[in-house]
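Trainee: Let me see the structure of the following:
(one chain, ligands or ions: 2)
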Amino acid sequence: MTKNDLRKQLRAKRREHVAALPDSMRTLVFMRPPAPLMEMIPDDATIGLYHAGSSEAPTAAYARYFFEQGHEISLPHFSAMNTRMQFRRFVDPHDESDLETGPFGIKQPTTATEEIVPDVLFVPLVGFTETGGRLGQGGGHYDRWLAAHPGTTTVGLAWDCQLVEALPTEPHDIPLGAVVTPTRMYGPFA
Ligand SMILES: Nc1nc2c(c(=O)[nH]1)N(C=O)[C@@H](CNc1ccc(C(=O)N[C@@H](CCC(=O)O)C(=O)O)cc1)CN2
Ligand SMILES: Nc1ncnc2c1ncn2[C@@H]1O[C@H](COP(=O)(O)OP(=O)(O)OP(=O)(O)O)[C@@H](O)[C@H]1O
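Mentor: Ligands and ions are numbered 1, 2, ... in the order given. Just a heads-up that it's a prediction; the model follows:
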């Protein structure tokens with residue numbers, strides 16, 4: 001199956017999975033990073049998150065958590081499908097007063113906000129494998145950013161239903177350092 005066919009199938013699966021979750025469950029998951037994940041994150045690390053869409057694994061509680069622990073936190077900023085993605089400082093994870101709506105309706109910091117290079121990056125995904133393979137939205141935003149910033153610790157956040165046996169891989173694909181789902185953590189992969 002091609003990456004595009006898989007994307008279509010997995011996006012539908014993700015949407016159906018989230019639609020079927022009881023509200024109470026939706027607010028209980030991804031509240032706190034699991035202990036083995038915290039062991040991968042130095043105290044002074046700057047953190048990159050993403051602003052989750054309605055069927056993506058939620059990140060708002062992690063944003064508040066890392067902020068309260070004193071970490072500098074940031075979110076992706078991009079102006080169009082084929083432009084470079086950057087990370088910009090996220091200063092108000094409680095009220096999100098510093099965000100504006102960007103392309104695809106994704107909330108992001110304004111261009112007035114300082115650029116940050118995260119040491120640890122939480123990565124959105126459409127599909128993943130148990131060895132850290134990742135299928136994204138297909139814009140190449142993360143692949144290109146990670147190619148330019150080798151050494152970044154990456155952590156995928158996903159629903160369990162996004163796990164696949166295998167993914168078509170291309171030379172530019174960069175595997176994740178770990179994946180966290182509501183039921184378990186995969187990795188860290190050395
Ligand atoms: N929340 C979030 N922020 C993100 C990403 C992401 O995947 N999720 N990105 C990851 O690279 C970057 C933005 N790149 C994107 C590239 C393509 C599409 C896209 O094709 N969206 C489709 C389908 C959405 C769906 O059904 O899930 C669309 O909006 O039509 C979205 C974002 C940076 N910020
Ligand atoms: N390091 C890179 N340099 C230049 N182009 C790249 C690089 N990585 C990926 N691309 C291009 O980006 C496009 C999308 O790649 P791919 O389908 O692997 O995206 P993805 O990993 O699923 O999603 P994303 O990185 O957007 O979350 C492809 O056309 C690919 O050639």
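
Trainee: quick one, phi psi at residue 22?
Mentor: phi -60, psi 150 (degrees, to the nearest 10).

Trainee: okay, and the helix or strand of this protein with the least pLDDT?
Mentor: helix 23-26 (a mean of 83; mean pLDDT, DSSP states H and E).

Trainee: Output that helix as PDB, nothing but the C-alphas.
Mentor: Extracted in PDB, the C-alpha atoms of helix 23-26 (Å, rounded to 0.1, in the frame of the first residue of the first chain):
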ATOM      1  CA  ASP A  23     -16.000  12.300  26.900                       C
ATOM      2  CA  SER A  24     -14.700  11.200  30.300                       C
ATOM      3  CA  MET A  25     -12.100   9.000  28.600                       C
ATOM      4  CA  ARG A  26     -11.000  11.800  26.300                       C
END
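
Trainee: so how far is that helix off the chain centroid?
Mentor: In terms of Cα atoms, centre = their mean, to the nearest Å, the centre of helix 23-26 is set 20 Å apart from its chain centre.

Trainee: can you check stretch 83-91 too?
Mentor: The mean C-alpha position of stretch 83-91 is separated from the chain mean by 13 Å, Cα atoms, centre = their mean.

Trainee: Only C-alpha atoms, please: export the lengthiest helix in the chain in PDB.
Mentor: Identified as the longest helix of the chain according to DSSP state H is helix 3-20. Extracted C-alpha coordinates of helix 3-20, given in PDB (Å, rounded to 0.1, in the frame of the first residue of the first chain):
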ATOM      1  CA  LYS A   3       1.800   6.100   1.900                       C
ATOM      2  CA  ASN A   4      -1.200   8.100   0.600                       C
ATOM      3  CA  ASP A   5      -3.500   5.100   0.700                       C
ATOM      4  CA  LEU A   6      -2.400   4.300   4.200                       C
ATOM      5  CA  ARG A   7      -2.800   7.900   5.300                       C
ATOM      6  CA  LYS A   8      -6.400   7.900   4.100                       C
ATOM      7  CA  GLN A   9      -7.200   4.600   5.900                       C
ATOM      8  CA  LEU A  10      -5.500   5.600   9.100                       C
ATOM      9  CA  ARG A  11      -7.000   9.100   9.300                       C
ATOM     10  CA  ALA A  12     -10.400   7.500   9.000                       C
ATOM     11  CA  LYS A  13      -9.600   5.000  11.700                       C
ATOM     12  CA  ARG A  14      -8.300   7.700  14.000                       C
ATOM     13  CA  ARG A  15     -11.400   9.800  13.400                       C
ATOM     14  CA  GLU A  16     -13.800   6.900  14.200                       C
ATOM     15  CA  HIS A  17     -11.800   5.900  17.200                       C
ATOM     16  CA  VAL A  18     -11.900   9.400  18.800                       C
ATOM     17  CA  ALA A  19     -15.600   9.800  17.900                       C
ATOM     18  CA  ALA A  20     -16.400   6.600  19.800                       C
END
